[in-house]
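Chemist: A structural model of the following input is requested.
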Amino acid sequence: MNYNFSYWEKISFFSADIIIVGSGIVGLTAAIALKQHNPKLNVLVLERGFLPSGASTKNAGFACFGSLSELIEQEKTSGTEGLYDLIKRRWNGLQKLRQLLGDKHIEFNNYGGFELFKKEDEQLTSLCVSKISHFNSLIEDIVGKNAFTLANKKIDYFGFNHISTLIENQFEGQINTGKMMKALINKATASGVQILNSCEVSSFEQGDAQQINIKTQQGIFSCRKLIFANNAFISSFFKDLDVKPGRGQVLVTKPIPSLKVKGTFHYDKGYYYFRNIDNRILFGGGRNLDFKTEETTIFGHTEKIQQSLYAILKDIILPDTAFEIDYNWSGIMAFGKQLEPIIKEIDSDVFCAVRCNGMGVAMGSQTGQDIADLVLSTF
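Modeler: Residues are numbered from 1 along each chain as shown. Down below sits the predicted model:
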């Protein structure tokens, strides 16, 4: 293929010490960490989309570390000690993101988080209420005292219908995802990181003299070290990795006068989630209605899940309030049998930092730092 590049373009744009695939939270945090350690490193980020394509600009902006029902399930997988380490990683990742960019630049607000329980879910409700003291004790030295408390008195204030129990997490917050990514991009470029958008990687191969050649529709790039930070999309390069995509469908209402809902909210074991944003409700989830269909890297939405989101909005969240849908979109997350992210050298000088299991806001910054440290240790 004749790409018609000049000499100047070839020597200035198509080679680097380290190339990172994916310009989301993990990729950009890794790039920043690499440049902070060694400003002379030539770090290039290749992004398949016009904007970061997976979930970093398409998530709900929850600064959370897990609702009670989610933590109960995760403790079964990881054990108590493993869950402790996981929550610590999530919490430290959130603090790292806030310190790196500043609360003002990500519009961080600590409004608290809430989990809703329906009247008919007596067994799950009783289990979660009984576990409040257990999890408060487990994470006290990570986040602080009395993270979870019963908040039933707030049900009527928020105006929820069919909800009997509300559990509050006082340490949960929310961010503006768009402002966060703009701040990350600005921080990366200010540190000397080069970001090229609309540059999808199709393949790579080991070349001569410890050089890796990376083929894209824009041309062939070369580097000494290659990092995949493209989350669910890594499965097209490494099929043996325990990474499964999970599409999250999201909608946002038009502005609602005198909206009382304020905070981040979890419903139905965390499969549904909603929050306030600019006097609107952002509401997403429902992939548990059709796991197989939602195990995809194709963006889009389905009538089944959209109808479910609308019905829950109308019946439970905004039962006495007129509303209209203004936006809808989808993001692609990555899941696996293990809850920890995959951070490792896959092949000689080829690394990956993927699979945040739907916790990219919390896990992304620390995961980016960890992969940067691993790559630097191999020079």
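
Chemist: Hmm, Ile18 is touching Phe228, no?
Modeler: No: the pair Ile18 / Phe228 is not scored as a contact, 12.0 Å apart, by Cβ atoms under 8 Å. No exception for glycine: its C-beta is placed from N, CA and C like everyone else's.

Chemist: which stretch of helix or strand covers Ser198?
Modeler: Secondary structure assignment for Ser198, by DSSP states H and E: no helix or strand.

Chemist: Excluding covalently adjacent residues, which one is nearest to it?
Modeler: Excluding its sequence neighbours, the residue lying closest to Ser198 (Cβ to Cβ, 6 or more residues apart in numbering) is Phe50, at 5.6 Å.

Chemist: List the residues that contact Lys337.
Modeler: Shown in contact with Lys337 (Cβ atoms under 8 Å, 6 or more residues apart in numbering): 77, 242.

Chemist: Quick check: mean pLDDT of the helix or strand harbouring Met333?
Modeler: Here Met333 sits within strand 325-335, counting by DSSP H and E. Averaged over strand 325-335, pLDDT sits at 96.

Chemist: Return the set of buried residues in the next helix or strand after that strand.
Modeler: Downstream of strand 325-335, the next assigned helix or strand under DSSP H and E is strand 342-347. Of all the residues in strand 342-347, those buried under the rule 16 or more other Cβ atoms under 10 Å are 342-343, 345-346.

Chemist: Paired strands for strand 342-347, with orientation please.
Modeler: Counting by DSSP bridges, the strands paired with strand 342-347 are strand 350-354 (antiparallel).

Chemist: Can you check what angle separates the strand it pairs with from strand 325-335?
Modeler: Relative orientation of strand 350-354 and strand 325-335, computed by axes from the mean of the first three to the mean of the last three Cα atoms, to 10 degrees: 130 degrees.

Chemist: neighbouring contacts of strand 350-354?
Modeler: Strand 350-354 is contacted from outside by 26, 30, 204, 212, 225-232, 234, 238, 241, 243, 334, 341-346, 367-368, 370-371, 374-375, using Cβ under 8 Å, 6+ apart.

Chemist: let's go with 6 Å and repeat that
Modeler: The contact list for strand 350-354 (Cβ atoms under 6 Å, 6 or more residues apart in numbering) reads 26, 226-229, 231, 234, 243, 334, 342-343, 345-346, 367, 371, 375.

Chemist: Which single one of those is nearest to Leu313?
Modeler: Ala334 (27.2 Å; Cβ to Cβ).

Chemist: Look up how far Cys199 lies from the residue lying closest to that closest one once chain neighbours are set aside.
Modeler: With sequence-adjacent residues excluded and distances taken as Cβ to Cβ, 6+ apart, Ala334 is closest to Ala232, at 3.8 Å. Distance of Ala232 to Cys199, computed by Cβ to Cβ, to the nearest Å: 18 Å.

Chemist: Compare these two and say which is more crowded by neighbours.
Modeler: The neighbour count for Ala232 versus Cys199, taken as other Cβ atoms under 10 Å, is higher for Ala232 (24 against 20).

Chemist: That one against Ile332, yeah?
Modeler: Yes: under the criterion of Cβ atoms under 6 Å, Ala232 makes contact with Ile332 at 5.0 Å.

Chemist: residue ranges for the helices of the stretch 201-350 of the chain, please.
Modeler: All helices of the stretch 201-350 of the chain, identified by DSSP state H, counting those that start in this stretch, fall at 291-294, 303-312.

Chemist: How is the chain divided into domains?
Modeler: 7-58+178-242+339-376, 244-335 (automatic domain parsing).

Chemist: Of those domains, flag the one that's most buried.
Modeler: Mean neighbour count (mean count of other Cβ atoms under 10 Å) peaks for domain 7-58+178-242+339-376 among the domains of the chain, with a mean of 20.

Chemist: Please, where are all the strands along the stretch 201-350 of the chain?
Modeler: Listed in chain order, the strands of the stretch 201-350 of the chain (DSSP state E, counting those that start in this stretch) span 201-206, 212-216, 219-228, 244-253, 264-267, 272-277, 280-285, 325-335, 342-347, 350-354.
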